[in-house]
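Q: Got a predicted structure here, sequence first:
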Amino acid sequence: MLKIQIIHGPNLNRLGQREPENYGHTTLADLTKRLDQLAERLDITLNHYQSNHEGQIIDCIHQCTDDDTAGLIINPAAFTHTSVAIRDALAASDIPFIEVHISNVYAREPFRAHSYISDLASGSIVGMGVFGYELALLGLTEQLGHRREHLLLGHAKPEEH
């Protein structure tokens, strides 16, 4: 079964409480539940990890590189703009990943417009709220060849031939 790792960076454990004008009211637990429901429909295994510590995020990336993880979805949060070390861990990994940001980082403070990982990512989703994670999951499974067209855009399930 296809295995995908979700990595949430610093302060994302405070979703639903921290700056709701930027990040909304959905909690990390709510987001995890939504993603697990989608993963079940996609017939994939989804693992979740959140840390406020750069080294622990790097360790998680290394672990994914060493096991059978097929893809990553990562929101490095503030580390996006500061962490060469996370960039190096992703660059050393052969795992495709999608970068996600809940808020539109380009419409916020100028320093948030720079990402150390975007050029390595197979895709970036910015400013779509927590729905961006679901888009990333659908996009990544498509990139990995795990197609479930009937789940996209409300289309009916294709008939069996």
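A: In hand now; what should we look at?

Q: Residues in contact with the longest helix seen in the chain: which ones?
A: As assigned by DSSP state H, the longest helix anywhere in the chain is helix 28-42. Residues outside helix 28-42 that contact it (C-beta atoms under 8 Å, 6 or more residues apart in numbering) are 4, 6, 8, 12-13, 15-16, 26, 45-46, 48, 50, 130, 133-134, 137-138, 141, 146, 148, 151. Backbone N, C-alpha and C define where each C-beta goes, glycine included.

Q: Tell me the buried residues in that helix?
A: Using 16 or more other C-beta atoms under 10 Å as the test for burial, helix 28-42 gives Leu28, Leu31, Thr32, Arg34, Leu35, Leu38, Ala39, Leu42.

Q: Dump these to TSV, plus distance to Glu109 and pLDDT.
A: Output for these, formatted as TSV (distance: C-beta to C-beta, whole Å; pLDDT from 0 to 100):
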residue	distance to Glu109	pLDDT
Leu28	23	96
Leu31	24	97
Thr32	28	97
Arg34	28	96
Leu35	28	98
Leu38	31	96
Ala39	33	96
Leu42	35	94
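
Q: Looking at those residues, which is nearest Asp66?
A: Ala39 (21.7 Å; C-beta to C-beta).

Q: ok, the closest one to Met1 distance?
A: Distance, Ala39 to Met1, by C-beta to C-beta, to the nearest Å: 10 Å.
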